[in-house]
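Enquirer: build me a model from this:
(one chain, ligands or ions: 2)
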Amino acid sequence: MSAKMSPNELKSIFEKYAAKEGDPNQLSMEELRQLIQTEFPSLLKGPNSLEDLFKELDKNGDGEVSFEEFQGLVNKLSQ
Ligand SMILES: [Ca+2]
Ligand SMILES: [Ca+2]
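Expert: Ligands and ions are numbered 1, 2, ... in the order given. Just a heads-up that it's a prediction; the model follows:
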């Protein structure tokens, strides 16, 4: 596996955006949008829409993305 980011970098990015609104430990759709557009804009250039990405990351379907769920993004980044 060749993730470009260390777990610490990923964690600090997650916390920066997750704290913007609502639960500071969960990313809402809007927070994820800001995170992706700012940090990983290349993820939205392919066939994936933000909604597809959000649904894919939100494994338990509660409408928010936890840090554990967010780590699924690492797999996409290393593809
Ligand atoms: Ca939040
Ligand atoms: Ca979730």
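
Enquirer: what does this protein have sitting close to ligand 1?
Expert: By Cβ under 5 Å from the ion, the part of the chain that sits against ligand 1 consists of 18, 22-23. (Each C-beta comes from the backbone N, C-alpha and C, glycine too.)

Enquirer: neighbour-wise, which one of these leads?
Expert: Using other Cβ atoms under 10 Å as the neighbour definition, the residues of the chain next to ligand 1 reach their maximum at residue 18, which records 23 neighbours.

Enquirer: run a quick neighbour tally on residue 72.
Expert: As a burial measure, the neighbour count of residue 72 was computed by other Cβ under 10 Å and equals 14.

Enquirer: CA atoms of stretch 14-29 as CSV?
Expert: The C-alpha trace of stretch 14-29 is given here as CSV (Å, rounded to 0.1, in the frame of the first residue of the first chain):
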residue,chain,number,x,y,z
PHE,A,14,-10.0,15.4,9.5
GLU,A,15,-10.2,17.3,12.8
LYS,A,16,-9.7,20.7,11.0
TYR,A,17,-12.8,20.1,8.9
ALA,A,18,-14.9,18.0,11.2
ALA,A,19,-14.9,20.9,13.8
LYS,A,20,-16.6,23.4,11.5
GLU,A,21,-20.1,22.5,12.4
GLY,A,22,-22.2,20.1,14.5
ASP,A,23,-20.3,17.2,16.1
PRO,A,24,-16.5,17.9,16.1
ASN,A,25,-15.7,14.2,15.7
GLN,A,26,-18.0,13.7,12.6
LEU,A,27,-17.9,15.1,9.1
SER,A,28,-21.2,16.2,7.7
MET,A,29,-21.7,16.2,3.9
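
Enquirer: and the residues of the chain next to ligand 1 as a markdown table, adding secondary structure and pLDDT?
Expert: Below are the residues of the chain next to ligand 1 laid out as a markdown table (DSSP: H, G, I helix; E, B strand; the rest coil; pLDDT from 0 to 100):
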| residue | secondary structure | pLDDT |
| --- | --- | --- |
| 18 | helix | 98 |
| 22 | coil | 97 |
| 23 | coil | 98 |
